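Asks: Take this sequence and fold it.
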Amino acid sequence: MEKQTTDHVFITSPGSFHKFSNPLTEDAFDHAKALVAALTYGMTHSSAARGQIWGINLLLGKLIRGGTVGPATAIGNDYRALEIERVVQTERSGYGFKMRLLKREVGVIALEVLKGRNAAAAALETLPSAGMRSYTAPEAARVRLRKGQSPTSRAQTRSLLSAVRGGGGL
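Replies: Predicted coordinates:
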């Protein structure tokens with residue numbers, strides 16, 4: 001039996017997709033999902049002795065404001081992945097662990113999700129971005145730039161354009 005060979009063509013490498021999306025936004029949503037999962041587990045499956053979560057608004061509110069929560073034994077187990085991702089910081093405290101939120105925006109998104117609100121809207125307000133306030137068309141920007149040019153700069157521009165157009169100079 002003869003072995004068939006085929007050609008494979010790749011348009012781009014998988015790592016290139018970060019060019020088309022903002023990894024900060026993607027990571028924040030992924031981290032918020034993990035935080036929501038850990039908190040939901042703590043609300044629905046943890047016993048009181050382990051550290052069952054009640055008053056999620058109070059708990060997340062305190063974390064978002066920079067406070068710590070705990071001590072609870074569950075914190076040492078349920079938030080390890082988030083600690084590796086540097087979303088939270090845990091430390092031993094007596095017979096349990098305390099936790100502090102390191103990425104405030106993740107907590108804000110998680111709180112919106114747990115309240116049943118639009119997390120995307122919360123992300124727009126909390127995630128770092130370069131908010132665009134206005135747009136100036138290139139033609140208008142060139143006119144504004146040319147009006148602000150010094151006489152020497154104007155002369156150099158004319159000389160350069162003349163040389164490019166084949167009229168000599170430079």
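
Asks: other SSEs contacting the longest helix seen in the chain?
Replies: In the chain, assigned by DSSP state H, the helix with the most residues is helix 23-44. Helices and strands touching helix 23-44, by 3 or more C-beta pairs under 8 Å, 6 or more residues apart in numbering; DSSP states H and E, are helix 56-64, helix 73-78, helix 80-84, helix 104-114, helix 119-126. Bear in mind the C-beta positions are built from the backbone N, C-alpha and C, glycine included.

Asks: tell me which strands and helices the third one is in contact with?
Replies: If I follow you right, that is helix 80-84. helix 23-44, strand 88-93.

Asks: rewinding a little: which parts of the longest helix of the chain are buried?
Replies: When burial is assessed from 16 or more other C-beta atoms under 10 Å, helix 23-44 yields the following buried residues: 25, 27-29, 31-32, 34-36, 38-39, 42.

Asks: now do stretch 91-105
Replies: So stretch 91-105, judged by 16+ other C-beta under 10 Å, has buried residues 96-99, 101-103, 105.

Asks: and if you look at stretch 51-71?
Replies: In stretch 51-71, counting by 16+ other C-beta under 10 Å, buried: 51, 53, 56, 59-60, 62-64, 68-71.

Asks: Looking at the helices and strands packed on helix 80-84, which is nearest to Val143?
Replies: When the helices and strands packed on helix 80-84 are compared by C-beta to C-beta, helix 23-44 sits nearest Val143, at 35.4 Å.

Asks: Distance from the chain centre to the closest one, please.
Replies: Remark: helix 23-44 is offset 13 Å from the chain centroid, using C-alpha atoms, centre = their mean, to the nearest Å.

Asks: tilt between that helix and helix 56-64?
Replies: 140 degrees (axes from the mean of the first three to the mean of the last three C-alpha atoms, to 10 degrees).

Asks: Now helix 23-44 - C-alpha only, PDB.
Replies: C-alpha atoms of helix 23-44 as PDB (Å, rounded to 0.1, in the frame of the first residue of the first chain):
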ATOM      1  CA  PRO A  23      -5.900  39.200  25.500                       C
ATOM      2  CA  LEU A  24      -6.600  41.400  28.500                       C
ATOM      3  CA  THR A  25     -10.300  41.300  27.900                       C
ATOM      4  CA  GLU A  26     -10.300  37.600  27.100                       C
ATOM      5  CA  ASP A  27      -8.300  36.800  30.200                       C
ATOM      6  CA  ALA A  28     -10.600  38.900  32.400                       C
ATOM      7  CA  PHE A  29     -13.700  37.100  31.200                       C
ATOM      8  CA  ASP A  30     -12.000  33.700  31.600                       C
ATOM      9  CA  HIS A  31     -10.800  34.600  35.100                       C
ATOM     10  CA  ALA A  32     -14.300  35.900  36.000                       C
ATOM     11  CA  LYS A  33     -15.900  32.600  34.800                       C
ATOM     12  CA  ALA A  34     -13.400  30.700  37.100                       C
ATOM     13  CA  LEU A  35     -14.200  33.000  40.000                       C
ATOM     14  CA  VAL A  36     -17.900  32.700  39.500                       C
ATOM     15  CA  ALA A  37     -17.500  28.900  39.400                       C
ATOM     16  CA  ALA A  38     -15.500  28.800  42.600                       C
ATOM     17  CA  LEU A  39     -17.900  31.200  44.400                       C
ATOM     18  CA  THR A  40     -21.000  29.300  43.200                       C
ATOM     19  CA  TYR A  41     -19.400  26.000  44.500                       C
ATOM     20  CA  GLY A  42     -18.800  27.700  47.800                       C
ATOM     21  CA  MET A  43     -22.500  28.900  47.900                       C
ATOM     22  CA  THR A  44     -24.100  25.600  46.900                       C
END
